[in-house]
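Participant: Following is a predicted model, sequence given first.
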Amino acid sequence: MAEGWNSDTGEAVYRSRDPVKNLQIRVRLQRVTSVTVFSQQLREQASAQQERGMIELSTFSTQAGSAGGHHDDKEELTVGWQEKLYSQFEMDLFRSESSCQSPLDRQYHAEVLALERAGGRPNRRIFTYTDYDRYTNLQEHNESVLVPGQQPSSLAERMASVRRRRQERRAVEGSLPKSRLITWEPSEEFVKNNHVINTPVQTMHIMGDLGPYGMLGHKDNEVMLCTVRVDSNGVITVQPDFNNKGPYRLQAGLLRQELWQYTLEDVSKSISPEEQEREQRMYKDLYMRHKDYLNRLVGQDFEMPPPGMLRLLVNGEIVSAKGYEYDNLYVHFFFELPENWTSLSSQSLSGVTQTCSTRSEGRENIAYFSYPFSFEAYFRKEDETEDSVPQWPVLYFEVLSLGFWQRYRTEGYGYLVIPPTPGCHNLTCSTWRPVQPGTVAELRRFFIGGAPELEDISYARVPGTFKGDRLSRFGFRSETTGSVTFTLHCIQQARAFIDASALKKRRQSVLDQLGGFSKQSTTNNVLEAFLRAQRRMQEARESLPSDLLNTTAPPTSETTA
């Protein structure tokens with residue numbers, strides 16, 4: 001028998017979208033003691049001897065029947081969620097109206113009198129404590145003390161005094177404040193109520209009275225069989241779990257000589273196919289209504305750029321920088337808009353990251369910025385006869401380091417051309433810095449932070465003020481430093497994209513979709529039209545009769561007199 005006990009009394013967590021009122025638990029409680037085993041063995045031996053005619057066992061059979069066949073040895077009961085089943089102690093307590101101190105006690109008094117008029121309670125040893133009973137509050141308070149005899153801390157006392165709110169009293173679930181998301185000066189009451197997640201929970205205890213025959217109703221003989229907790233998110237916690245290995249064991253009595261076993265079984269009614277189909281239709285209708293509600297909030301009219309204009313949105317991030325000589329790095333960057341590119345007056349085209357200390361990863365010192373930025377610009381090609389290729393915006397950046405005396409040093413210059421294709425791009429750009437010959441310049445850079453700088457950062461590529469044919473940098477001394485990693489999410493929007501998708505046109509590039517401003521666009525259109533005409537002529541030729549296509553036969557001449 002001992003090998004079949006279930007010793008795993010830990011809690012199990014379930015999740016259900018159905019109403020918790022449909023939960024049904026079947027509890028079986030049975031006494032398994034040495035007296036019962038002895039009586040069974042005695043009766044078996046007595047029946048065997050009686051068949052031989054050896055002794056008369058009328059007395060033994062009477063004692064055995066009284067010892068092993070008592071109706072209180074076994075009980076089976078199905079308990080619903082928050083179903084109140086009274087114990088013998090509660091029946092004796094609430095029978096008298098003088099012991100009622102609250103409206104709940106008076107309600108229990110009326111129910112006890114009704115049960116007595118109806119013939120008594122349906123249960124004997126199995127009873128329940130619901131979420132409204134005093135036992136549940138006392139149990140939560142006792143759980144705050146972890147070690148017997150230890151004084152609870154101030155936090156434990158505050159947690160014990162905060163009673164969980166009930167689900168039906170909660171007005172709004174999952175709501176966030178529309179303003180003041182951060183409380184800079186919280187009060188003591190605010191800290192007490194908000195330092196933990198206070199999810200509304202309902203609790204129910206299934207109890208058992210393991211007292212001897214005729215002595216039910218003593219609080220010392222009450223034991224907890226199962227605890228069920230349900231929160232507002234549909235999470236059901238059962239401790240111990242429903243039986244799947246064997247019965248649970250309980251020891252009772254003055255010397256713990258009484259042995260009991262009990263099992264827990266989920267007997268909740270399964271939903272019928274008709275109800276399941278009706279529920280699916282209800283959920284589908286609910287989801288469709290929610291989708292329509294979201295569509296009404298978003299609307300159908302999206303903001304579109306004017307015709308012939310391309311809108312470029314860049315959501316980027318300066319991820320990291322590595323390979324630089326000094327610590328405490330920061331990046332200064334700005335965008336340069338080429339010709340025919342414009343931006344809004346409120347758009348900021350420059351920015352500075354925070355100062356970041358480096359960390360060693362292998363042989364490299366890396367500074368992780370994770371600095372986000374956004375950029376928006378518009379392109380419109382005014383001159384259709386221009387032969388030059390349109391240019392994309394350029395991101396120029398400068399890496400600097402901060403010294404002990406709050407003096408900065410130039411660590412490197414670099415640039416990044418915004419990719420012409422939409423999507424996500426991970427780019428790593430190498431940098432360089434100008435150097436000045438001599439030891440004095442390096443000493444100045446090391447001690448006081450002085451270093452050569454570029455007057456115009458766009459000199460890292462081609463300066464915007466340069467108008468010549470060739471840019472010479474002969475004699476300019478520089479050295480390679482580290483690299484900076486960027487992540488760019490590019491979005492392009494234009495009315496021509498919708499037109500091209502509707503007409504199923506093939507375009508060669510993004511800028512060609514803005515109305516055919518380039519010669520390459522015109523040439524491609526002419527070639528496509530020629531190929532379509534050639535294809536139609538070939539199909540018409542194949543559909544003609546063969547005698548019309550035979551041009552090699554000699555013509556016949558007719559003469560008239």
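Facilitator: Right, received. Where do you want to start?

Participant: In contact with residue 432: list those residues for me.
Facilitator: Residues near residue 432 by CB atoms under 8 Å, 6 or more residues apart in numbering: 412-414, 460, 478-481. Heads up, the C-betas are built off the backbone N, CA and C, glycines and all.

Participant: try it again with 7 Å
Facilitator: 412-413, 478-481 (CB atoms under 7 Å, 6 or more residues apart in numbering).

Participant: swap in residue 121?
Facilitator: 86, 91, 115.

Participant: Present the residues you listed as JSON lines; the columns should include secondary structure, pLDDT and distance to residue 529.
Facilitator: Formatted as JSON lines, the contacts of residue 121 follow (DSSP: H, G, I helix; E, B strand; the rest coil; pLDDT from 0 to 100; distance: CB to CB, whole Å):
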{"residue": "86", "secondary structure": "coil", "pLDDT": "91", "distance to residue 529": "92"}
{"residue": "91", "secondary structure": "helix", "pLDDT": "90", "distance to residue 529": "97"}
{"residue": "115", "secondary structure": "helix", "pLDDT": "91", "distance to residue 529": "94"}
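
Participant: what's the closest of those to residue 446?
Facilitator: residue 86 (86.1 Å; CB to CB).

Participant: Pipe the contacts of residue 432 into TSV and attach distance to residue 221, pLDDT and neighbour count per row.
Facilitator: Formatted as TSV, the contacts of residue 432 follow (distance: CB to CB, whole Å; pLDDT from 0 to 100; neighbours: other CB atoms under 10 Å):
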residue	distance to residue 221	pLDDT	neighbour count
412	81	92	29
413	84	94	22
478	90	85	15
479	87	89	9
480	84	90	11
481	81	91	19
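
Participant: among those, which are in helices?
Facilitator: Using DSSP state H, no member of those falls within helices.

Participant: how about these in CSV, adding distance to residue 5?
Facilitator: Shown next, in CSV, are those (distance: CB to CB, whole Å):
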residue, distance to residue 5
412, 72
413, 76
478, 80
479, 77
480, 74
481, 71
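
Participant: Without its sequence neighbours, what residue ends up closest to residue 319?
Facilitator: residue 485 (4.3 Å; CB to CB, 6 or more residues apart in numbering).

Participant: what sits against that neighbour?
Facilitator: Counting by CB under 7 Å, 6+ apart, residue 485 has contacts 319-320, 428.

Participant: And whichever strand or helix holds residue 281, what's buried?
Facilitator: Taking DSSP states H and E as the definition, one finds residue 281 inside helix 273-298. Within helix 273-298, no residue qualifies as buried by neighbour count (16 or more other CB atoms under 10 Å).

Participant: Does the helix or strand just after it pack against any helices or strands, and if so which?
Facilitator: Counting by DSSP H and E, the next helix or strand C-terminal to helix 273-298 is strand 310-322. Here strand 310-322 touches strand 329-336, strand 364-379, strand 478-493, going by 3 or more CB pairs under 7 Å, 6 or more residues apart in numbering; DSSP states H and E.

Participant: Just name the most buried of those.
Facilitator: Comparing the helices and strands packed on strand 310-322 by mean neighbour count (mean count of other CB atoms under 10 Å), strand 329-336 ranks first with a mean of 21.

Participant: Can you pull out the low-pLDDT segments for this protein?
Facilitator: Residue ranges of the chain with pLDDT under 70: 1-4, 34-71, 135-181, 193-198, 253-256, 382-389, 499-525, 544-561.

Participant: need the helices for it, in chain order.
Facilitator: 34-51, 58-68, 88-93, 103-117, 134-142, 154-161, 188-194, 273-298, 439-447, 495-503, 519-543, 546-549.
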